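Visitor: next input, structure requested:
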Amino acid sequence: MENTSGFGPASDSEPPNGRNHQEPAPGSILEIYPSFQPAPAGAAAATCLTADENPLQLIFPIESDTGQEINRKTIQPSFKTGQRSLSFKEKFFSDASINEWNNWKWQIANSITSLSELRRYLRLSKEEKKSLAGKNKKLPLRITPYYLSLIDSENPMQALRRTVVPVADELKIDASESADPLSEDHDTPVAGLVHRYPDRVLFLATGFCSSFCRYCTRSRLVGENCLDENRWEPAIEYIRKNTNIRDVLISGGDPLTLADEQLDYLLGRLSSIPHIDILRIGTKIPAVLPQRITPQLVKILSRRRALWMNIHFTHPDEVTPETSQACTRLASAGIPLGSQTVLLKGINDHPAVMKSLYHALLRVRVRPYYLYQCDPIRGSGHFRTSVKTGLDIIENLRGHTSGLAVPQYVIDAPGGGGKIPLLPEYFQKKEDQNIVLRNYEGKIFRYPDIYA
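Guide: This next block holds a predicted model:
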């Protein structure tokens, strides 16, 4: 009998940990909130907490990397900790054991979400203070302690700091910017699902992220702590009825912030649809919360057919020992990994920075996939570069390093036009029966196009 509750396995033949699927798993939302009832098929409602509440802190018990509840005296660290984050932990979280620090649920529960907290760790600039003061204090803020450990406490212009700490420039709204520049809401047939391309859909599994990027395309959705599994059933049913859909990209929010049993259930339901060929997960977790990549999670992911993962990386400073370990766990389990990077002014808009990032990613078996021109979301002007900047970066990568280290540079066209690839002008002209081409060194070559 099919389970449509939104939790647990996809069928009676796959009970979680040997229990009947109708029993709530320990620490699950159904155990904490017994009266919670997922909405029936066709409903689009979501159960939300206020922005000041932390649903994960309420729902999830703190466990070790091996799935056991933490015992400081007996459990040995099973996740390698880099020296930088270890020094930060000892300075600011000395009361936490190394097992707690390396636990993803502890990291989320102890995330920094306010100006008063941020002041404890960083010397804030005038522009940073202004962004979070008075009427602006509702600008969403969330940084995991791990990611905060990578941030320079004195330099407000440090690359990673600028990606997660708000500044007053976010309050400047240009007429060309909008809350939904890609018109995703227009292409939403049911809540939580974007169907723009003929054979694939975007499945927004959650509105929660472990850390908030200041340039996020879906900033209109992220920051509200919604337990929105209620939306899954109508979205799954839509996919089941539309047999032309063969590819599902699961995103959000960040789907890897879901509990293991929730993610396993969702992947199981989608995998059971006969016409679905591949599943993809879009996430930034290995960069901002690598402790989430536990052996249990990897096991859940690796048993799904044709599962791919695209990881959002911004700067080479994100490729730490912890992140390297997380990516190695995923790649060693047979999960193909790609990266997606947003081009950001003053952060990664230089060929040397991008080359360093892409080389570091290849070393941990992550293949650079997309380089995005920054979307014109509200308050993003200080992040956006010229398109020429992106073309120059590709020009300085192509031919100068491995082809594997050269992503596709794309603009996601405003208004719902989809991704449009951009290349430097290697094609020069058609001349008689020849194509005139320019290579990476600027030399001119001719290719015989006699079959045109």
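
Visitor: what's residue 395 in contact with, if anything?
Guide: 424, 440 (C-beta atoms under 8 Å, 6 or more residues apart in numbering). The way it works is simple: take the backbone N, C-alpha and C, and place the C-beta from them, glycine included.

Visitor: in three-state terms, label it for me.
Guide: helix (DSSP: H, G, I helix; E, B strand; the rest coil).

Visitor: measure the residue positioned nearest the centre of the chain to residue 230 for me?
Guide: Residue closest to the average C-alpha location in the chain (C-alpha atoms, centre = their mean): residue 283, at 2.6 Å. Counting by C-beta to C-beta, to the nearest Å, the separation of residue 283 from residue 230 is 22 Å.

Visitor: quick check: residue 312 vs residue 129, distance?
Guide: Taking C-beta to C-beta, one finds residue 312 at 28 Å from residue 129.

Visitor: what about these two, which has more around it?
Guide: Higher neighbour count among residue 312 and residue 129: residue 312, with 22 against 15, using other C-beta atoms under 10 Å.

Visitor: on that earlier part again, looking at it, the residue nearest to the centre of the chain is touching residue 308, isn't it?
Guide: No: counting by C-beta atoms under 8 Å, residue 308 is not a contact partner of residue 283; they are 11.3 Å apart.

Visitor: roughly how far apart are the closest residue to residue 300 other than its chain neighbours and residue 295?
Guide: With sequence-adjacent residues excluded and distances taken as C-beta to C-beta, 6 or more residues apart in numbering, residue 300 is closest to residue 264, at 4.8 Å. Residue 264 sits 14 Å away from residue 295, going by C-beta to C-beta.

Visitor: repeat for residue 153
Guide: In terms of C-beta to C-beta, residue 153 sits 33 Å off from residue 295.

Visitor: kindly report the same for residue 446.
Guide: Taking C-beta to C-beta, one finds residue 446 at 55 Å from residue 295.

Visitor: next one: the helix or strand harbouring the residue nearest to residue 300 to chain centre, how far?
Guide: Using DSSP states H and E, the secondary-structure element containing residue 264 is helix 260-271. Chain-centre distance of helix 260-271: 18 Å, with C-alpha atoms, centre = their mean, to the nearest Å.

Visitor: next helix or strand past it?
Guide: strand 278-283.

Visitor: report the angle between that next one and helix 260-271.
Guide: Per axes from the mean of the first three to the mean of the last three C-alpha atoms, to 10 degrees, the angle that strand 278-283 makes with helix 260-271 is 140 degrees.

Visitor: list the buried residues in strand 278-283.
Guide: With burial defined by 16 or more other C-beta atoms under 10 Å, the residues of strand 278-283 counted as buried are 279-283.

Visitor: can those go into TSV with extra columns for pLDDT?
Guide: Converted to TSV, these look like this (pLDDT from 0 to 100):
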residue	pLDDT
279	98
280	98
281	98
282	96
283	97
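
Visitor: want to throw those into JSON lines with distance to residue 119?
Guide: Shown next, in JSON lines, are the buried residues of strand 278-283 (distance: C-beta to C-beta, whole Å):
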{"residue": "279", "distance to residue 119": "42"}
{"residue": "280", "distance to residue 119": "39"}
{"residue": "281", "distance to residue 119": "35"}
{"residue": "282", "distance to residue 119": "33"}
{"residue": "283", "distance to residue 119": "30"}
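
Visitor: which residues of the stretch 351-452 of the chain fall in helices?
Guide: Per DSSP state H, counting those that start in this stretch, the stretch 351-452 of the chain carries helices over the ranges 351-363, 387-397.

Visitor: can you give me how far the first one is from the chain middle?
Guide: Distance of helix 351-363 from the chain centroid (C-alpha atoms, centre = their mean) equals 19 Å.

Visitor: residues in contact with it: which ones?
Guide: So helix 351-363 is contacted by 159, 313-316, 319, 324, 339, 341, 348, 367-368, 371, 392-393, 396-397, 400-402, 404-407 (C-beta under 8 Å, 6+ apart).

Visitor: mind checking which of the residues you listed are buried?
Guide: Counted by 16+ other C-beta under 10 Å, the contacts of helix 351-363 give 159, 313-316, 319, 324, 339, 341, 348, 368, 371, 392-393, 396-397, 401, 405-407 as buried.

Visitor: now render the helices of the stretch 351-452 of the chain as a markdown table, adding distance to residue 112 and mean pLDDT.
Guide: Compiled in a markdown table, these are given as follows (distance: least, C-beta to C-beta, whole Å; pLDDT from 0 to 100):
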| stretch | distance to residue 112 | mean pLDDT |
| --- | --- | --- |
| helix 351-363 | 25 | 97 |
| helix 387-397 | 31 | 95 |
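
Visitor: nearest to residue 236, out of those helices?
Guide: Smallest distance to residue 236 across these (C-beta to C-beta): 32.4 Å, for helix 351-363.

Visitor: now do that closest one against helix 387-397: the angle between them, please.
Guide: 60 degrees.

Visitor: pull helix 351-363 out as PDB, backbone CA atoms only.
Guide: What follows is helix 351-363 as a C-alpha-only set of coordinates in PDB (Å, rounded to 0.1, in the frame of the first residue of the first chain):
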ATOM      1  CA  PRO A 351      40.400  34.900 -13.800                       C
ATOM      2  CA  ALA A 352      43.100  33.900 -11.200                       C
ATOM      3  CA  VAL A 353      40.400  33.500  -8.400                       C
ATOM      4  CA  MET A 354      38.200  31.400 -10.700                       C
ATOM      5  CA  LYS A 355      41.100  29.200 -11.900                       C
ATOM      6  CA  SER A 356      42.100  28.600  -8.300                       C
ATOM      7  CA  LEU A 357      38.500  27.700  -7.300                       C
ATOM      8  CA  TYR A 358      38.100  25.300 -10.300                       C
ATOM      9  CA  HIS A 359      41.400  23.600  -9.800                       C
ATOM     10  CA  ALA A 360      40.600  23.100  -6.100                       C
ATOM     11  CA  LEU A 361      37.200  21.600  -7.000                       C
ATOM     12  CA  LEU A 362      38.700  19.200  -9.500                       C
ATOM     13  CA  ARG A 363      41.100  17.900  -6.800                       C
END
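
Visitor: in it, what's buried?
Guide: Those would be 351, 353-362, for helix 351-363 by 16+ other C-beta under 10 Å.
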